[in-house]
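1. Show me the folded form of this:
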Amino acid sequence: MQFQLTPEYLELLRKAIGTNDLKFIMEQLKELHPPDIAEIFNELDLEESKYLYKQLDESEAGKVLVEMEDDKREKFLASLTSREIAEHIDNMASDDAADVIAELPDSVQDEVLSHMEDSEQASDIVGLMNYDENTAGGLMATELVRVHVTDSVRLCVRELRKQAEEVKNIYTIYVVDDGNKLLGLLSLKSLLTTSLSAKVKDVYNPDIISVKTNTPAEEAAKIMEKYDLVVLPVVDSLGKLVGRITIDDIVDVIREEETEDVQKMGGMEALDEPYMSIPFLGMIKKRVGWLTLLFIGESFTATAMGFFEGEIKKAAVLATFIPLIISSGGNTGSQVSTLIIRALSLGEITISEWLNIVRKEIKVGLALGIALGVLGFLRVAIWSSFTDIYGPHWKLIGICIGVALMGVVLWGNLMGSLFPIILKRLGLDPAVSSAPFVATMVDVTGLIIYFTVASIMLRGIIL
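-> Numbering: from 1, shown residues only. Predicted coordinates for the structure are as follows:
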């Protein structure tokens, strides 16, 4: 049953902590998974968390520490000594341990590593910290099960039992040669159904997918998604096996990438901390830059309107349709830019297909423009049945609005589809072509299209 943290449950737990009711506390902890306990820790104050943490066994404590929110974990670790942190690190997987230690001040990092009992693990952690966190090397764990290609299956089983104590989840067994070069894999199913006297070289699968330590984390995520992998081996530049990435790490990468893209598409810099952890000035800094840029962009709307000031004075009725015109173009551009950004992110399209995309979006934009253009004309026609606001030339005004809408929507659709592709081609993140940015750009150009159409179609009649 899924755990749900309620205010009532939290109050009971706080009361038990206050009265030192260890029996109740231990009963509760025994029923909960590490992520559930971490969720509780996130709501408790520091002293309550420390009290509860002491009641956990060593293996459980490390898992809870990893699952805590970043800001809560940072405060919690700051309250511990270097030796205490080292004790908890000893019971973590190498990738989790590296992530936790990386959050500590440099001086504390050295102290913690010096206190670790397992010097080999400490060395692995130092090695992992040298990799960029956004690469496969920064994601991988060094714990895995490997066997030599010349071993027998019997020896392989023994090695599996021996190494399994250090490996949290065993998904597969990796086969290497004398130089630790990755040759293939041996599935657990093959191990169970093969004679113990057989040789690994006769039963292993050489068809294996791997990534290098410098492979971008996002690319590694796409590979695992494409091939439905739950674990992905990582090799160095010489092809030597150095670690593995598990599906739980990739889920985190996907979530972070999607969160970053959504934030950028909202017209702001991506947050590098949880929302509630961002300080006031930090939030202002993340948002003010894009807002300023969008403000400057929108200011050109006033410039464009000033250029057509004469037309507006002669036919004030045109001004009433400005919000309709520019919002239709902006909404269309925002729609298609979101579609294109997502398709690029998922690998559904590539920049080499830009011409096909343009052809498709011209057709789509034209169809959408005609649909909205008809609605624009009907809007004028229906209003003219009840009022004479548009005068005797309401049909021509309606046609003008319809044609302008068709042009603006077509233009907005084309710009919204092309802009992310252009940014991708320039090596920039397409997500920065956010909906607000595309809408702002189309607002300005949409006005120019609108008044150009109006000046041509209505000249000599109402202008």
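
2. for stretch 235-245, which positions count as buried?
-> 235, 236, 241, 242, 243, 244, 245 (16 or more other Cβ atoms under 10 Å). (C-beta placed from N, C-alpha, C; glycine too.)

3. Between which two of the residues you listed is the distance greatest?
-> Greatest spatial distance among those (Cβ to Cβ): 236 and 245, at 14.3 Å.

4. Mind picking the one among the buried residues of stretch 235-245 that's closest to residue 337?
-> Taking the buried residues of stretch 235-245 together and measuring to residue 337 by Cβ to Cβ, the closest member is residue 245, at 31.5 Å.

5. Isn't the closest one up against residue 232?
-> Yes. Contact criterion Cβ atoms under 8 Å: residue 245 and residue 232 qualify, at 4.6 Å.

6. Overlap in contacts, those two.
-> 136, 211, 220, 224 (Cβ atoms under 8 Å, 6 or more residues apart in numbering).

7. Strands along this protein, start to end?
-> If DSSP state E is used as the criterion, the strands of the chain fall at 146-148, 172-176, 182-187, 211-212, 231-235, 241-246.

8. ok, and the closest non-adjacent residue to residue 423?
-> residue 430 (5.0 Å; Cβ to Cβ, 6 or more residues apart in numbering).

9. quick one: contacts for the one you found?
-> Residue 430 neighbours (Cβ under 8 Å, 6+ apart): 340, 341, 344, 345, 420, 421, 423, 424.

10. What distance do you get for the fourth one to residue 218?
-> Going back to what we said before, that points to residue 345. 9 Å (Cβ to Cβ, to the nearest Å).

11. shared neighbours, the two?
-> With Cβ under 8 Å, 6+ apart as the test, residue 345 and residue 218 both reach residue 257.

12. Check whether residue 415 really touches residue 444, as I assumed.
-> No. Assessed by Cβ under 8 Å, residue 415 is found out of contact with residue 444, at 10.9 Å.

13. Out of these two, name the residue with the larger neighbour count.
-> residue 415 (23 against 19; other Cβ atoms under 10 Å).

14. on that earlier part again, just flag the most distant two among the shared contacts of residue 245 and residue 232.
-> By the measure Cβ to Cβ, 136 and 224 form the most distant pair in the shared contacts of residue 245 and residue 232, at 10.5 Å.

15. Those two: who's more crowded?
-> residue 136 (29 against 23).

16. Would you confirm that that one contacts residue 210?
-> No. The criterion here is Cβ under 8 Å, and residue 136 misses it with residue 210 at 9.2 Å.

17. what residues do these two have in common as contacts?
-> 232, 234.

18. Show me which of the contacts of residue 430 is closest to residue 97.
-> residue 345 (30.7 Å).

19. low pLDDT regions in the stretch 351-463 of the chain?
-> 390, 432-435, 460-463 (pLDDT under 70).

20. in it, which spans are helices?
-> Listed in chain order, the helices of the stretch 351-463 of the chain (DSSP state H, counting those that start in this stretch) span 354-384, 394-425, 435-457.

21. which residue packs closest to residue 147, ignoring adjacent ones?
-> The nearest residue in space to residue 147 (Cβ to Cβ, 6+ apart) is residue 156, at 4.7 Å.

22. And the pLDDT for the one you found?
-> pLDDT for residue 156: 84.

23. And the one 3 residues further on, by the same measure?
-> With respect to pLDDT, residue 159 has a value of 79.

24. And for it, the neighbour number?
-> By other Cβ under 10 Å, neighbour count at residue 159 equals 16.

25. Quickly list what the closest residue in space to it that isn't next to it in sequence is bridged to.
-> The shortest distance from residue 159 to any non-neighbouring residue, by Cβ to Cβ, 6+ apart, is to residue 147 (5.4 Å). Beta-bridge partners for residue 147, by DSSP bridges, are residue 175.

26. returning to that earlier point: in JSON lines: the shared contacts of residue 245 and residue 232, plus distance to residue 143 and pLDDT.
-> Compiled in JSON lines, these are given as follows (distance: Cβ to Cβ, whole Å; pLDDT from 0 to 100):
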{"residue": "136", "distance to residue 143": "16", "pLDDT": "91"}
{"residue": "211", "distance to residue 143": "17", "pLDDT": "94"}
{"residue": "220", "distance to residue 143": "18", "pLDDT": "91"}
{"residue": "224", "distance to residue 143": "18", "pLDDT": "89"}
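
27. May I ask which helix or strand of the chain has the lowest mean pLDDT?
-> helix 309-314 (a mean of 63; mean pLDDT, DSSP states H and E).

28. Would you list the buried entries among the contacts of residue 430?
-> 340, 341, 344, 345, 420, 421, 423, 424.

29. Pull the contacting residues for the residue sitting nearest the centre point of the chain.
-> Centroid check for the chain by Cα atoms, centre = their mean gives residue 257 as the closest residue, at 1.8 Å. By Cβ under 8 Å, 6+ apart, the residues touching residue 257 are 218, 221, 345.
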